[in-house]
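Participant: Provided below for reference: sequence and predicted model.
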Amino acid sequence: MLPSSLKSIYQQYKADTDSVANWLATTANANGYQDNASSSNNAPVKSGRVKGKARKQAKASGQPQPGNLANKTSRIIRVGDFEPMASHIAKLDSVKVPHDLTVALERVIWVRKNFLKRLLDSGAEIEPGSDERHSFFVGVLEKVRDCLKPLMETGSFNADEAAEKAGEKSQEAFKNMFDVLQVYAPSESFLNAPDVAPKSATVLEYTVDRDESIEDAIFALVALLGDYSRLRQEIKSLWADYEANRLDLAAAAVATNMAFELARSLEDEITPIIRKHDGEAGELATTYFMGLCNLYGIDAGNKQPGDAYNLQAYDLAQLCLVTTNTLLTSYATGTSPTVVVNYYNGKFGWYDEELGAKGKTNRAKWHQDKNAMLEVLPDLHFLSSNMGTGAVEDELIRGIGALMRDPDADIPLWLSWAAQIYLDVLQFLGPNCGRGFNEVKQESLKIKKAMLDVPSSPERSRVLKVATKWDKDPIRACRDQMVKLGQFSGNMPPAWRFLRRNPIHCGLLLHNMRVNLHLSGVAYAATPGAVMCTTQLYQALRQEKLLSDQLAWEDVETFWKMQGDSAFFVGDPPKNREEYFKNYCLCLGVSVSNWAPTKRKGKVNVNTANRRNMKFNGWVSLVINRRLAPTGERLPLSSDLIEGILTEGRRHETMDGKGHIRPEIKAKAKDEPIDPVSLSPAALIRKLALNIHAEIPDIVFNYFTMHHSAWSFLTELKEEFTRLWGPRFLQYIPTEDKLPYVVGYVFSTAAGQKGLTSDDKGEAVDAGIDAAAKVMRKFLEDGHGRAVKEQAETEVEPEELKDADFEEFLDPWRLDTLMKKLKRESQAGRGSGRGGAEEDCHMQ
């Protein structure tokens, strides 16, 4: 399995060439080969650690940092040295060529031979001498293979066969574009092949003297487009799972947004070689598109007015991301960066939700693409500004913001790809594109209804601030203000169209609401201790057989399973009445030394380490949510960092609230060590989606409702004890916040304990624990044991909240301030929203 940093096609190719050079040099030198020329170019291997401004940006954005690489010396091997070293090795009887080296050698030969042929066939202009240089390198590699063939295993890896099998699985139109890369497809034959690169702990000592010609830059670009194509197919598969109710909206959206980050990091890998030829990836992709058009006999410039290219080449343009690149360029250059409130006026028509992706002609598809982009770009522009900063900033918003701050810059290829993914998702869902918006509205209603029974608190405020964020559409509100100011005319786009048409952003909003509910809910429920004490009492009554098997407190059992035994018990769950009381005391922070035979009466010994901690669940979901916070430009997450998050998430699943391995799974954790996640980019995105989906039950569990339910039960128990023993019982519960102490009273009387030492032992009394069992039975029989579950399953109608008072959250976008700002700018002659002359411009 390749290290994560070598999972892109381009990095796999580089790893192959370097592994051949490294094996030849190390093997030859270890067996007496002498050639001082190959060691004359010594240079230290650069650390993988991000430095300077980039490191500060990564730290500020919460991005994990890769570990440092060992600083070993790298020696550049000339291609001309390959054959002499291979000839020297071939004379050695003691050496066998590793199978992974054979794989690497065969793949490099196949790729080098076939890529240049395809490039020449496309009519691309190449540098003088490039053909000879490529032929020379391939010839050297073939001579190396011939020299070493007697030392290779029989039945070695066949690159032609692997590429052919991988190509058979491709469903892409014009798949010849990527045929040369199929040898690097994650097919079964490739995945079963041994490592072709050193393990991550090893740094290469020898690398190839690379000829970074324009052909190498084009190869890097095509490799990137190949990765993008695979990622695109995986994302389409995720949204098909969402449509079929096999995958949650948030899981599909989070994975898609993370794919945007990954796409950017993949582009960053090849940027240096492309910039050596004074270009950018997007510009080179357009040039390559023109070459492909030539290969397929299409005149790209033969287009009709309003078209970006000859629409006969529509499929090729999609693969090369020319469609979205053109539309982004048009918006960036035709719209003033300072005008953040505008809208598409329908000059070229409107996107048809019913038609979706079912256009039968290239022209129909082009019109759908163009109109969908023209309608959404003003919304993305607004949300990327200080005026429209929301609770969530997806990578499309962040990318558009960076673009509009420098509209004359080349469009990043990853941004064109992200825009294409937006179109894919929108059009695939067709008339059901608004389903995501409906899910977000329903989640918001459920959360707001649940908060009606929660007293005012910082945690409640944080939850409602997020849940009410889109109760009003700031985009429509600002446009309406512009109409009032006489800056806009005509019909405005309907309110919330941005969310209706953007299931990706809706999924991120849904994820953000859930995570905020979880974080705030755990903090809210942990401090009073009601849920901990109630769970301890429930366990004791079950252990004492005072509750029938048919009578279960479902919410407590779910909560208990999520948190694990260590959130409620010191050690194993107690088995008898003395242990119930002792565990209760220990969990409050009492030291076990108080039960020592030599303990003197007096001050109670305290051990704060005994106090129980609730844990935040869904670790991967929580980390990813931090990536959604509006931060502006930042470094993207790469494959290895995403893999690190997933691996760390698996480790956190085994931990309790104190960061220790949960006792009930310690033996299993020891027998099943957590191996690092190592996947191709496309498989990595799928794994992330499944991870988020699996964590949803943990983060949607409403701890506010769980606390309210436990508090209601303890209140009824206190009232029952007051009825049995009169007002004097209230001395044990002097204030309302001490209500959980009622459980301690149950345990102490059942154990006959008046204090903590053996001298404090008294007569055990059953009345308290029997009364607790009676109250709990009645509580559960009345249907209060599944309040959290029923709340999650019950749809909430907007009418149920028409009288709800969320006064402090009525203006989360500070619309009053926005309206005043728009008025000032209008009076100053700014903010018209037009990117050019009104009669020519498609933006208002």
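Facilitator: Great, that's in hand. Numbers count the residues shown, from 1 in each chain.

Participant: Give the next helix or strand downstream of the longest helix seen in the chain.
Facilitator: Longest helix in the chain by number of residues, with DSSP state H as the criterion: helix 214-243. Counting by DSSP states H and E, the next helix or strand C-terminal to helix 214-243 is helix 249-275.

Participant: Pull out the buried residues from that following helix.
Facilitator: 249-267, 269-271, 273-274 (16 or more other Cβ atoms under 10 Å). C-beta here means a position set from N, CA and C on the backbone, and glycine is covered the same way.

Participant: ok, residue 337 touching residue 405?
Facilitator: Yes. Residue 337 is within contact range of residue 405, at 6.4 Å (criterion: Cβ atoms under 8 Å).

Participant: what's the domain layout of this structure?
Facilitator: Using automatic domain parsing, the domain parsing of the chain gives 4-211, 527-614+704-793.

Participant: can you tell me which of those the model trusts least?
Facilitator: Ranked by mean pLDDT, the domains of the chain end with domain 4-211 in last place, scoring a mean of 67.

Participant: Output the contacting helices and strands for the longest helix of the chain.
Facilitator: In terms of contacts (3 or more Cβ pairs under 8 Å, 6 or more residues apart in numbering; DSSP states H and E), helix 214-243 is packed against helix 9-30, helix 99-121, helix 130-148, helix 176-179, helix 249-275, helix 281-295, helix 413-429, helix 681-700.

Participant: Any idea which of the ones you listed gets closest to residue 510?
Facilitator: Nearest of the helices and strands packed on helix 214-243 to residue 510, taken as Cβ to Cβ: helix 249-275 at 4.6 Å.

Participant: Let's test this: mean pLDDT of the closest one, rounded?
Facilitator: Helix 249-275 comes out at a mean pLDDT of 96.

Participant: Distance from the chain centre to that helix, please.
Facilitator: Remark: helix 249-275 is offset 11 Å from the chain centroid, using Cα atoms, centre = their mean, to the nearest Å.

Participant: Let me know the angle separating that helix from helix 413-429.
Facilitator: Relative orientation of helix 249-275 and helix 413-429, computed by axes from the mean of the first three to the mean of the last three Cα atoms, to 10 degrees: 150 degrees.

Participant: so helix 249-275 versus helix 281-295, what angle?
Facilitator: 80 degrees.

Participant: circling back: switch the helices and strands packed on helix 214-243 over to a markdown table; also include distance to residue 511.
Facilitator: A markdown table is the format used below for these (distance: least, Cβ to Cβ, whole Å):
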| stretch | distance to residue 511 |
| --- | --- |
| helix 9-30 | 30 |
| helix 99-121 | 39 |
| helix 130-148 | 48 |
| helix 176-179 | 33 |
| helix 249-275 | 4 |
| helix 281-295 | 30 |
| helix 413-429 | 16 |
| helix 681-700 | 7 |
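
Participant: For residue 471, which of those is the nearest?
Facilitator: Going by Cβ to Cβ, the one of the helices and strands packed on helix 214-243 nearest residue 471 is helix 249-275, 19.4 Å.

Participant: Pull out the buried residues from stretch 740-755.
Facilitator: 740-751, 753.

Participant: circling back to that earlier point, for residue 719, which of the helices and strands packed on helix 214-243 is the nearest?
Facilitator: From these, taking Cβ to Cβ, the stretch that ends up closest is helix 681-700, at 32.1 Å.

Participant: Mind giving me the packing neighbours of whatever helix or strand comes next after that closest one?
Facilitator: Proceeding N to C from helix 681-700, the next assigned helix or strand is helix 703-725, under DSSP H and E. Helix 703-725 sits against helix 435-451, helix 458-467, helix 503-526, helix 530-543, helix 554-563, helix 741-751, helix 767-781, helix 787-793, with contacts defined as 3+ Cβ pairs under 8 Å, 6+ apart.

Participant: now for the fifth one, which elements pack on it?
Facilitator: Here helix 554-563 touches helix 530-543, helix 703-725, helix 787-793, going by 3+ Cβ pairs under 8 Å, 6+ apart.

Participant: the inter-axis angle of the longest one versus helix 503-526?
Facilitator: Okay, so that is helix 703-725. Going by the same axes, to 10 degrees, helix 703-725 makes 30 degrees with helix 503-526.

Participant: how far is helix 703-725 from where the chain is centred?
Facilitator: On Cα atoms, centre = their mean, the centre of helix 703-725 falls 41 Å from that of its chain.

Participant: do the same with the shortest one
Facilitator: For helix 787-793, the separation from the chain centroid amounts to 28 Å (computed by Cα atoms, centre = their mean).

Participant: so for the helix or strand just after it, what's the average pLDDT?
Facilitator: Using DSSP H and E, the helix or strand that follows helix 787-793 towards the C-terminus is helix 815-827. The average pLDDT for helix 815-827 rounds to 76.

Participant: Using the three-state scheme, assign residue 349.
Facilitator: Per DSSP: H, G, I helix; E, B strand; the rest coil, the secondary structure class of residue 349 is coil.

Participant: mind listing what it touches?
Facilitator: 367, 371 (Cβ atoms under 8 Å, 6 or more residues apart in numbering).

Participant: Show the pLDDT at it.
Facilitator: Residue 349 is given a pLDDT of 93.
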